[in-house]
Every structure is written in C-alpha cells, then in structure tokens.
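Engineer: Predicted coordinates and the sequence they were generated for:
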Amino acid sequence: MRNRFYRLGLLGIVTATFVFRVAGDDKPYDRQEALAKYRRPASVPCPEDNRPSAARVDLGKRLFFDPRLSGPNSISCASCHNPAFSWGDGLPKGVGFGSKELGRRTPTILNVAFGELMFWDGRAASLEEQALGPIQSPGEMNQPLEGMVTKLQNIPGYQPLFEKAYPGEPIAPATIAKAIATFERTVISEKAPFDDWVTGNESAISASAKRGFDLFNTKANCAACHTGWNFTDDGFHDIGLVSTDIGRGKHLPQVEAVQFAFKTPTLRNADRRAPYMHDGSEKSLEEVVDYYTRGGTTKRPSLAQEIKPFVLTSGEKDDLCNFIRTLTSNDQPVSIPTLP
Amino acid sequence: MRYYTLLAFLAATSLSAGDDVPGDSQKIIQKNREFSETEITIKPGEKVVFKNTDDVTHNVFSNSKVNPFTIKIQAPGSSSVVAFPDEGVTDVRCAIHPKMKLKVIVKK
C-alpha cells in the first residue's frame, strides 16, 4: 500500500514536471511568453533581384495554371498544388506524368515565401530554383526547358506579359522561374482564429484549443519543430517513419542526423491537407498525434532526439487537434486565370 | 563520406556544458535556432566553440572547400570545439535548421 502511494506520488511529480515545464528546458512554461513567438510577420520576404510587381504576379499566376508548361500539355503546377486542396492534391502521394504515382506526398506551396530550402529534401536553395524542377522532371511534368521556352514564345499573348513583367528580359527559363516564384510568394494563409487569440481576443478560440496550445508547447513538444508563426522550423528531421527514402540524407550523406529526414511542413490550414507526413501514411490529425505519442515507428541512429514516446489522455488528444484546427484561416477563394 | 568523418573526428571535439573556452578560440552561441553572430574573422589555427543553449538539438557542419567539418548531434547545453587551420571562407550551417548561417573568415 505504502509502495503504491509512493509510486502515485512519484507519478504526480513527473506529471507536474511535464505540465509546468517546457520539454528540454528548465524554464517554467509561460503561456503569454509562448504566444509571443507565434505573431504573424509584418511583411513577406523576397529576393533583391526579383521584387514583386502586379505584372509579375499576374504572369506568374498564368504560368502556374498553364498546362502547356508540361510535355503533354495537360499538367500544370496547379494540377498538384491545387488551391482547392490548400495548394496540395489531397492524395497520399503525388501523381505525375502518365498518371504514375510519385514517391512522396505533394507538399503545399502555402507560405513557401518564408521557407529556406525547397522540396521535402531541401534540394533547391530558392523558390526560383525549385520552380523549374518539377517542370523538367520526367516523372512529373516531363517538359525539357528548351521546348517549354519555344512553346511559350509561340503563344502570342505571352510576349507582352513577359515584357511588362520583366522589361528587356527574354522569355527564358530564368524569367519563367522568377514569375512563378513571385506568384507563389503571394500564396499566404490569412488571419486564423489563433492569430486573433495571439493579438488578445480571448474568445477567438475555445478553452479546449487553449489547453491544446499549452500541450503543443510542453508535454507534446510539437513546438520543437513546428515553431514560429508558420509552425515550421524549415528544418529536416527523421521522425521514424518506415521508409527506404533517405530524404535530406541524399544531399548531406556525411550528416547522420539528416538521414531519413524530411522538411517540417507548416501546420497552417493543416486540417485541409490530409493525409499527412511526407509519404501520406497518416490519414487524419488524430492519427498524426497518435503516431507521435508512440515516438515514431523505426528507432535508428538518425531518429530526431525530440521524437520520444509520451502519454496523452483522449481529452488531451482532442485538445491538441482542436488547437491545430484554430490555425485554419477562411482564405479568399482563388480565381483561375484566363490563359493567353 | 570517410573523408568527412575523419575531418569531423580530427577537427571537432565535444565539451560538456559549462566547460571553459580554450584561450585561442571564439565562442558562438546557438539560441532560438540562430547563431549569435552571422560573420566572424579569426586567424589560421584558431578554434571556435559552438555552444547549444537551445532546447532542441543542432548539427553544425560546413561543406565549404576550406575547413569542412561535421559536428555530430549537439544535445541542448553541450559545446563543441572546431579548429579552422586554413585561410579562406568557411560557410557554417546547422544541417537540421538551414536558416542558421555563419560565415567564418580565416585570415592572417
């Protein structure tokens, strides 16, 4: 009996430690301090050599929705990065040229303006560099760049749009990439209920969601990677999924920590982008939370140190998912452009 | 792969939290997923101490032609010492958090 009492007491101390301290930190958790880390930024970053203009956004949007950028003239960037699915495709894995399934889930382009390295494995250093990748990829849009330029040069309506957007520059891969990247930088999630709470509206989200925010930043430790206003560290982590795909490891073979590592996705509007993970293996937010409570599936040397099993009650799981749903904004519908 | 492993072994030495900084070295703090400096200038042979004061792990490395190195996983609170023997510019990153960038200029 005394032994049981002792165990219960110990459990209480351990639980209190988890609840009131940020995981991995000695500092007590403070909700207001945590909230301050999630304030929306005042401006959208862009490179010095590709400042946005209305003409550039307009051109980029048309190119983004134009299937003639693909070899078969039937696949546009928007075929996979579909605004109706929060700029993803709603599939476990992308589908490319010849309706063949690709190796990874289509990442959203939402808020990519704030990203650092592009693609799940970070192989492109900028949005401009990224934009030309899927176009040329035989498995995706299967369009050699030379042929794409010739096609666009032969569509009369494109010449004045390019001239207006990039005066004096030819229709070329570099200008096409710059225009698409400029459009993509306008794809930003709007203010969500969570943002209203951050700025002081206490009734913007439910009590359950507020408890979920506390769990997110403490016991569940989601904030170790899903940090900042866009809920991503733009980093690369092995979260223990069963896979032969080594992700970032292909590009940094000497770094053990990034073997099987993939980029942390944004959680903005996440409830509109099921299924989840880079391989689409988890069907719902609830399944994702369950996955992390188990501490991942595969224990290997590269497994992120932050991935550890932890216990959540069913009420706490609901709280966590309710919180994540407050990150979803009621964005304006996207108009489809008329193509030249 | 072997080359990098050997370099990392020779160049990077781990210190435990609270260790003193060696005399001929500069200290770079990792906090809030940033380095405390974006650029430092040191002399050939000088060392840099990388201290992780974040509550997440880091993995500092450089793929530069001059003074490439890889520190293995740095747990919160730990420090590592890296020697920069050759003149030139070494771009340092965290392999896990690519927004962390530091330029180390090594010149006499």
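Structural biologist: Yes, it's here.

Engineer: Helix, strand, or coil at the residue of the stretch 201-340 of chain A found nearest chain B?
Structural biologist: In the stretch 201-340 of chain A, the residue that lies nearest chain B is residue A:254 (3.6 Å; C-beta to the nearest C-beta). All C-beta atoms are positioned from the backbone trio N, CA, C, and that covers glycine. Recorded secondary structure, residue A:254: coil (DSSP: H, G, I helix; E, B strand; the rest coil).

Engineer: and it, how many residues sit next to it?
Structural biologist: 19 (other C-beta atoms under 10 Å in any protein chain shown).

Engineer: And it, how far from residue B:33?
Structural biologist: 22 Å (C-beta to C-beta, to the nearest Å).

Engineer: ok, now residue B:58?
Structural biologist: Counting by C-beta to C-beta - residue B:58 and residue B:33 are separated by 8 Å.

Engineer: Could you check which of these two has the larger neighbour count?
Structural biologist: Each of residue B:58 and residue B:33 has its neighbours counted (other C-beta under 10 Å); residue B:58 has more, 25 against 18.

Engineer: For the more buried one, which residues count as its bridge partners?
Structural biologist: residue B:74 (DSSP bridges).

Engineer: Verify the contact between residue A:264 and residue A:238 for me.
Structural biologist: No - look at residue A:264 against residue A:238 with C-beta atoms under 8 Å: they stay out of range, at 11.6 Å.

Engineer: Compare neighbour counts for the two and give me the winner.
Structural biologist: Using other C-beta under 10 Å as the criterion, residue A:264 and residue A:238 rank with residue A:238 on top: 26 against 21.

Engineer: residue contacts, that one?
Structural biologist: A:247, A:257-262, A:300, A:302-304, A:307 (C-beta atoms under 8 Å, 6 or more residues apart in numbering or on different chains).

Engineer: so where is chain A shaky, pLDDT-wise?
Structural biologist: Within chain A, the stretches with pLDDT under 70 are A:1-26.

Engineer: coming back round to it: mutual contacts of residue B:58 and residue B:33, please.
Structural biologist: With C-beta under 8 Å, 6+ apart, residue B:58 and residue B:33 have common neighbours B:94, B:97, B:100.

Engineer: out of those residues, which touch chain A?
Structural biologist: Applying C-beta under 8 Å from any C-beta of the partner chain to the shared contacts of residue B:58 and residue B:33, one finds that B:94, B:97 fall near chain A.

Engineer: ok, and the most crowded of the shared contacts of residue B:58 and residue B:33?
Structural biologist: residue B:94 (30 neighbours).

Engineer: which residue packs closest to that residue, ignoring adjacent ones?
Structural biologist: residue B:100 (4.0 Å; C-beta to C-beta, 6 or more residues apart in numbering or on different chains).

Engineer: My read is that the one you found contacts residue B:30, right?
Structural biologist: Yes - assessed by C-beta under 8 Å, residue B:100 is found in contact with residue B:30 at 7.0 Å.

Engineer: Now do the shared contacts for these two.
Structural biologist: In contact with both residue B:100 and residue B:30: B:58, B:94, using C-beta under 8 Å, 6+ apart.

Engineer: Residues of chain B that sit close to chain A?
Structural biologist: Residues of chain B lying near chain A (C-beta under 8 Å from any C-beta): B:1, B:4-5, B:8, B:33, B:55-57, B:59, B:61, B:63, B:70, B:72-73, B:75-76, B:94-99.

Engineer: which residues does residue A:94 contact?
Structural biologist: Per C-beta under 8 Å, 6+ apart, neighbours of residue A:94: A:80, A:101-102, A:104-106, A:140.

Engineer: oh, I was asking about residue A:149
Structural biologist: For residue A:149, counting by C-beta under 8 Å, 6+ apart, the contacting residues are A:171-173, A:176.

Engineer: May I ask which of those residues has the most neighbours?
Structural biologist: residue A:176 (25 neighbours).

Engineer: mind listing what residue A:259 touches?
Structural biologist: Residue A:259 neighbours (C-beta under 8 Å, 6+ apart): A:238, A:246-249, A:300-302.

Engineer: Residue A:63 contacts residue A:176, correct?
Structural biologist: Yes - the pair residue A:63 and residue A:176 qualifies as a contact (C-beta under 8 Å) at a distance of 6.1 Å.

Engineer: any common contacting residues for these two?
Structural biologist: Common neighbours of residue A:63 and residue A:176 (C-beta under 8 Å, 6+ apart) are residue A:69.

Engineer: Can you report how many residues lie near residue A:202?
Structural biologist: 9.

Engineer: Over to residue B:95?
Structural biologist: 28.

Engineer: and it, what pLDDT?
Structural biologist: pLDDT, residue B:95: 97.

Engineer: ok, now how distant is it from residue A:308?
Structural biologist: 21 Å.

Engineer: Around chain B, which positions in the stretch 201-340 of chain A sit nearby?
Structural biologist: Close to chain B, as judged by C-beta under 8 Å from any C-beta, the stretch 201-340 of chain A has residues A:224-225, A:227, A:233-237, A:248, A:252-258, A:261, A:304-306.

Engineer: ok so residue B:77 is a helix residue?
Structural biologist: No - using three-state DSSP, the secondary structure at residue B:77 is coil, not a helix.

Engineer: burial of it, as a residue count?
Structural biologist: Count around residue B:77 with other C-beta under 10 Å applied: 16.

Engineer: Contact partners for the closest residue to residue B:43 other than its chain neighbours?
Structural biologist: Nearest-residue entry for residue B:43: residue B:108, 6.4 Å, with adjacent residues in sequence omitted and distances by C-beta to C-beta, 6+ apart. By C-beta under 8 Å, 6+ apart, the contact set of residue B:108 is B:43-44, B:87.

Engineer: From residue B:40, how far off is residue B:108?
Structural biologist: 15 Å.

Engineer: same deal with residue A:212?
Structural biologist: Residue A:212 is 41 Å from residue B:40, by C-beta to C-beta.

Engineer: Between those two, which has more neighbouring residues?
Structural biologist: Legend: neighbour count by other C-beta under 10 Å for residue A:212 and residue B:40, higher for residue A:212 (26 against 19).

Engineer: what's the helix or strand the more buried one falls within in contact with?
Structural biologist: Following DSSP states H and E, one finds residue A:212 within helix A:207-217. Residues from elsewhere that reach helix A:207-217 (C-beta under 8 Å, 6+ apart): A:22, A:29, A:31, A:34-35, A:193-194, A:197, A:222-223, A:226, A:312, A:316, A:318-326.

Engineer: go with 6 Å
Structural biologist: By C-beta atoms under 6 Å, 6 or more residues apart in numbering or on different chains, the surrounding residues in contact with helix A:207-217 are A:34, A:222-223, A:316, A:319-320, A:322-323, A:326.

Engineer: and the closest residue to residue A:82 other than its chain neighbours, how many neighbours?
Structural biologist: In space, and not counting its chain neighbours, residue A:82 is closest to residue A:89: 5.6 Å by C-beta to C-beta, 6+ apart. Taking other C-beta under 10 Å as the criterion, the count of residues near residue A:89 is 21.

Engineer: mind listing the strands for chain B?
Structural biologist: B:12-15, B:25-31, B:34-35, B:39-42, B:47-52, B:60-62, B:69-70, B:79-83, B:88-94, B:101-106 (DSSP state E).
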